[in-house]
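> coordinates only, sequence not included:
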């Protein structure tokens, strides 16, 4: 086994700068081409596609030969391939930081229907993937059994989780999983946007919701109140009291969260080792760092709340840092996507993608409306896009259907994320799915996820109640 090359600081900085330039190119292209704006394709995705086309798999050899930079280009793309596993930890460390963690009661009151629908969609995706692996993919296409988890990883987790698991696929004997998961994430995002827009148009024609175009002017004129502006100004003044720049402080807090996650992983791995025989393969070593970095972020946030020093953390600064790293992750992940792996496995991907979309549409039309109290189409489009194209696409669709939050759908959807993202939206369960199936096999995993789906359905029916009227909140 060859060791990974050691890169100089200068080379790493050049690789980061090159990825940033491709994001800028994507942003310019998005601004210049109206059709791309209408399709809501992110600048990072465009930049990644351009980098892929200019890279070693397509036009790169001709460009590199003419400029005599073949070795440098190949090394940079090798470095890019390693970066997602590290970048994703920064993204997840910020998820639970920057604002007080809302109480369970508040989240339940506002977002319980969305949570139930989200978990139903999630468990169903695992079941669909396992059934396909058992009866189609493994016997007829000689696929790896772990391909059963690609739907949940690519659709729920999106680019971040698909690429962030790059250090997990190989040790589990599923080296092609990285490229296949990214292919699923790409298909999921595109499908979520296109089908989501079609569902919105269908809803408008059926008079199920008001046209988003009618709300556009109001949304564009939306502004923060004077009271909010004063609070933001006061927060900025408080931040200026630090001797260090606020960006450095926030990056240090994210680093602290990742370090806490690393200590948690070390503790779990060491604790498991006490119960293993010599030479026995453990389970904890397959757990990636990023879900533990999320817990680290929550612990750091709790510590800041205990200190009663909210000015230490600015949600907008953390949000900006997190999204910057996510954009970098998306660019380098798409740029290093193996076109050969995708081409060799296009039938497998097509079966997984079409089946998963079919399940998500079934939930949208037949299950979700029975849990929403009102605005089933507006709420359902967001949850469908979330289950198909990950969080950012769900947020995008909610912004389209309910830009001013008149229906309350957007705020309820946002409230859902606290108890969805860390678990199944690319969080703990998503990250653990590969090592769990590797450890226990497809059939036991099928029983586990089927049981979880049945429990969620019964819980939703008995506790949330049909049409979203929570039985916990409604007197007898």
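Nice, thanks for sending it over. These numbers come from a predicted model, not from an experiment.

> any low-confidence regions in the stretch 51-200 of the chain?
Applying pLDDT under 70 to the stretch 51-200 of the chain picks out residues 99-104, 106-107.

> strands of that one, residue ranges please.
All residues of the stretch 51-200 of the chain lie outside strands when identified by DSSP state E, counting those that start in this stretch.

> quick one: the helices in it, in order.
In the stretch 51-200 of the chain, the helices defined using DSSP state H, counting those that start in this stretch lie at 60-67, 70-82, 84-93, 104-132, 138-141, 150-151, 158-164, 166-169, 177-205.

> could these go into a markdown table alongside distance to residue 44?
Bear in mind the C-beta positions are built from the backbone N, C-alpha and C, glycine included. Putting the helices of the stretch 51-200 of the chain into a markdown table (distance: least, Cβ to Cβ, whole Å) gives the following:
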| stretch | distance to residue 44 |
| --- | --- |
| helix 60-67 | 20 |
| helix 70-82 | 13 |
| helix 84-93 | 12 |
| helix 104-132 | 24 |
| helix 138-141 | 32 |
| helix 150-151 | 21 |
| helix 158-164 | 8 |
| helix 166-169 | 17 |
| helix 177-205 | 11 |
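
> tell me which of those lies nearest to residue 443.
Minimum separation from residue 443 across the helices of the stretch 51-200 of the chain (Cβ to Cβ) falls at helix 104-132, 8.3 Å.

> do you know which of the helices of the stretch 51-200 of the chain lies nearest residue 373?
helix 104-132 (6.8 Å).

> who are the packing partners of that closest one?
Helices and strands touching helix 104-132, by 3 or more Cβ pairs under 8 Å, 6 or more residues apart in numbering; DSSP states H and E, are helix 150-151, helix 346-362, helix 376-401, helix 409-416, helix 428-440, helix 442-459.

> pull out the buried positions in that helix.
107-108, 110-132 (16 or more other Cβ atoms under 10 Å).

> buried ones in stretch 63-76, by neighbour count?
Those would be 64, 73, 76, for stretch 63-76 by 16+ other Cβ under 10 Å.

> contacts only, for the closest residue to the last one other than its chain neighbours.
Meaning residue 76. Once flanking residues are discounted, residue 76 sits nearest to residue 15: 5.2 Å by Cβ to Cβ, 6 or more residues apart in numbering. Neighbour list for residue 15: 7, 76, 79, 80, 83 [criterion: Cβ atoms under 8 Å, 6 or more residues apart in numbering].

> next one: the fourth one from residue 15, what distance?
With the distance defined as Cβ to Cβ, to the nearest Å, residue 80 ends up 6 Å from residue 15.

> same check, this time on the first one
To residue 15, residue 7 is 8 Å away according to Cβ to Cβ.

> got any residues that touch both of those two?
In contact with both residue 7 and residue 15: residue 79, using Cβ under 8 Å, 6+ apart.

> so for residue 296, which of the helices of the stretch 51-200 of the chain sits nearest?
helix 84-93 (6.2 Å).

> what about residue 44, is that helix, strand or coil?
Here residue 44 is recorded as helix under DSSP: H, G, I helix; E, B strand; the rest coil.

> these two touch, right, it and residue 20?
No: taking contacts as Cβ atoms under 8 Å, residue 44 lies outside contact range of residue 20: 10.2 Å.

> and these two? Which one has more around it.
When residue 44 and residue 20 are compared for neighbours, residue 44 comes out ahead with 25 against 15, by other Cβ atoms under 10 Å.

> got a list of what that one touches?
Residue 44 neighbours (Cβ under 8 Å, 6+ apart): 23, 26, 326, 327, 328, 330, 331.

> of these, which is the nearest to residue 144?
Distances from residue 144 to the contacts of residue 44, taken by Cβ to Cβ, are shortest for residue 330, at 24.9 Å.

> now the closest one: which helix or strand?
In this assignment (DSSP states H and E), residue 330 forms part of helix 315-335.

> for the host helix or strand of residue 254, list every residue counted as buried.
Under DSSP H and E, the secondary-structure element containing residue 254 is helix 246-273. Neighbour-count burial for helix 246-273 flags 246, 249-250, 253-254, 256-258, 260-261, 264-265, 268 (criterion: 16+ other Cβ under 10 Å).

> turn these into a markdown table, including distance to residue 189 and pLDDT.
Below are the buried residues of helix 246-273 laid out as a markdown table (distance: Cβ to Cβ, whole Å; pLDDT from 0 to 100):
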| residue | distance to residue 189 | pLDDT |
| --- | --- | --- |
| 246 | 32 | 78 |
| 249 | 33 | 83 |
| 250 | 28 | 85 |
| 253 | 30 | 89 |
| 254 | 25 | 90 |
| 256 | 32 | 93 |
| 257 | 27 | 91 |
| 258 | 26 | 91 |
| 260 | 31 | 92 |
| 261 | 27 | 88 |
| 264 | 31 | 88 |
| 265 | 29 | 84 |
| 268 | 32 | 82 |
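
> mind pulling up the pLDDT for the residue nearest to residue 120 when sequence neighbours are not counted?
With sequence-adjacent residues excluded and distances taken as Cβ to Cβ, 6+ apart, residue 120 is closest to residue 456, at 5.5 Å. Looking at residue 456, its pLDDT is 94.

> with the one 10 residues further on instead?
With respect to pLDDT, residue 466 scores 66.

> with residue 440 instead?
pLDDT, the model's per-residue confidence, is 91 for residue 440.

> ok, residue 474 next?
44.

> now do residue 279
Residue 279 is given a pLDDT of 58.

> same deal with residue 469?
pLDDT recorded at residue 469 is 53.

> circling back: quick one: list the elements packing against the helix holding residue 254.
Helix 246-273 packs on helix 84-93, helix 290-307, helix 315-335, going by 3+ Cβ pairs under 8 Å, 6+ apart.

> which of the ones you listed sits closest to residue 195?
helix 315-335 (20.9 Å).

> the closest one relative to helix 70-82, how many degrees between them?
Angle of helix 315-335 versus helix 70-82, following axes from the mean of the first three to the mean of the last three Cα atoms, to 10 degrees, is 130 degrees.
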